[in-house]
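J.: Take this sequence and fold it.
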Amino acid sequence: MKLQGLMKANRNRPPEEESCDIEYALSKAKINRSATMDNFYPAHKNFVSIGGNNWTFEVTKKCLDLQFTIFNRSMEERRQIIPVCRTSEVYFETKFNFHQPLPEFGFPSQCLQRALQKLCRDGFLVPNVLHYIWFGKRHFDFVHFISFYSGYKKQKPCLIFLFADVLPYGHWWNYLLVLVPNIMYIKVNQPTEIAGKRIKYVQHAADIFRIWILKEYGGIYVDTDEILLRSLDDFRDSSYTMGLAHDGSVGSALIMAVKNAPFLSKWNESYRSFHPNEWGNNSVLMARTLATKYPKLINLQDHHCVFFPHGNLLYDSNYKWSHSYAIHVYHQDRMDILNQYDGTTIQTLNNTLGAVGRYILYDDKELCA
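T.: Just a heads-up that it's a prediction; the model follows:
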């Protein structure tokens, strides 16, 4: 089937974004020559496009100076929200001029469970809590800051859980603590084996641990290089949601789940056949296998442009993300570029990554004058 035929729009849906249509058509033409685009947009209520109407990137605007505006607040002004659990009650306490490390909890934590159940309910099935995993002592880079800060700004979570063996460090981490008051430190040991087999790669440890986290608490798991562009509430009344990546696998960088979602149990059980030397068999490839076998257990967003555009579109072009919810940065293969990605270079970085970063920091994607 010709590409043009695949790109014909359904008259009953909003105007499509051209760059995403092209990518979608190419992927579908490769997988299924009879595919159409009728289900391109999910029928979410009150859907509003983001980023404005002008996607030429010929407009420049005056940007705030990060050093003297957004971050001109010292650690002396830091505010911290802390769950407090008594025998018969649980409540949030807000401390000002907070000079201590982050509140530390174990895993699992009965206090955090109680806080989610009693203080974080907002009418949705999936709790409004964000989960991040941080294994190994690592410098907290600008891309990590954008990821965490986007989650805080766009999702407005009740709490943010950081599962780490050692806390991050660096000035972007310090900036984040000043700006985001509801991060909880869950101190954990990095898993060293699965099904009796030694874990060789930290990525495999994170793969299995995100399943355990969501089984225990439910909520929204976010990779530290995933950037949220808007609220994910449209998906929080489904018991389990994932989205397709550009290569057809089910992306695990963003997962929404209720506590003990049946899909998580199936996925966890599949690790009995864990292969330490095989990269994605038990993670994204297994997720796709399970989604095919148990379609009723997962809300699979099968248009990958919703969450996971092709990585090249982030660095080599200006991708139109007006209908996207989140973008995965795929940082491992682009560290040479990301090492130059900071609060100064972002202002004139003329690609998708630059536009998204400006949108998170300034609520405006346009290039800085």
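J.: Could you tell me how many residues sit around residue 90?
T.: Neighbours of residue 90 under the rule other CB atoms under 10 Å: 18. Every C-beta, even on glycine, is put in place using the N, C-alpha and C of the backbone.
J.: now do residue 286
T.: By the measure other CB under 10 Å, the count of residues near residue 286 is 21.
J.: what's it in contact with, if anything?
T.: 267, 270 (CB atoms under 8 Å, 6 or more residues apart in numbering).
J.: For it, what are phi and psi?
T.: Per-residue torsions, residue 286: phi -70, psi -40 (degrees, to the nearest 10).
J.: next one: residue 187
T.: Here is the backbone geometry of residue 187 (degrees, to the nearest 10): phi -80, psi 120.
J.: do you know how far it is from residue 164?
T.: Distance, residue 187 to residue 164, using CB to CB, to the nearest Å: 7 Å.
J.: same deal with residue 48?
T.: Counting by CB to CB, the gap from residue 48 to residue 164 is 35 Å.
J.: of those two, who's got more company?
T.: Set residue 48 next to residue 164 and count neighbours by other CB under 10 Å: residue 164 wins out with 20 against 9.
J.: Which parts of the chain are helices?
T.: Along the chain, counting by DSSP state H, helices occupy 3-6, 18-31, 110-119, 142-150, 171-179, 202-217, 262-270, 284-293, 312-315, 335-338, 352-362.
J.: In TSV: the ones you listed, plus distance to residue 193 and mean pLDDT.
T.: Below are those laid out as TSV (distance: least, CB to CB, whole Å; pLDDT from 0 to 100):
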stretch	distance to residue 193	mean pLDDT
helix 3-6	46	34
helix 18-31	36	57
helix 110-119	26	96
helix 142-150	27	96
helix 171-179	30	91
helix 202-217	9	95
helix 262-270	15	97
helix 284-293	18	93
helix 312-315	35	84
helix 335-338	28	80
helix 352-362	36	94
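J.: Highest mean neighbour count out of these?
T.: Highest mean neighbour count among those (mean count of other CB atoms under 10 Å): helix 142-150, with a mean of 24.
J.: Give me the contacts around it.
T.: Contacts for helix 142-150 (CB under 8 Å, 6+ apart): 132, 160, 168, 172-173, 175-176, 179-180, 183, 222-229, 329, 331, 338, 341-343, 346, 356-357, 360-361.
J.: Only the C-alpha atoms, please, for that helix, written as PDB.
T.: Output in PDB follows, covering the C-alpha atoms of helix 142-150 (Å, rounded to 0.1, in the frame of the first residue of the first chain):
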ATOM      1  CA  PHE A 142      20.400  18.300  33.100                       C
ATOM      2  CA  VAL A 143      18.300  15.600  31.200                       C
ATOM      3  CA  HIS A 144      17.500  14.000  34.600                       C
ATOM      4  CA  PHE A 145      16.500  17.300  36.000                       C
ATOM      5  CA  ILE A 146      14.100  17.900  33.000                       C
ATOM      6  CA  SER A 147      12.600  14.400  33.500                       C
ATOM      7  CA  PHE A 148      11.900  14.900  37.200                       C
ATOM      8  CA  TYR A 149      10.800  18.500  36.800                       C
ATOM      9  CA  SER A 150       8.500  17.700  33.900                       C
END
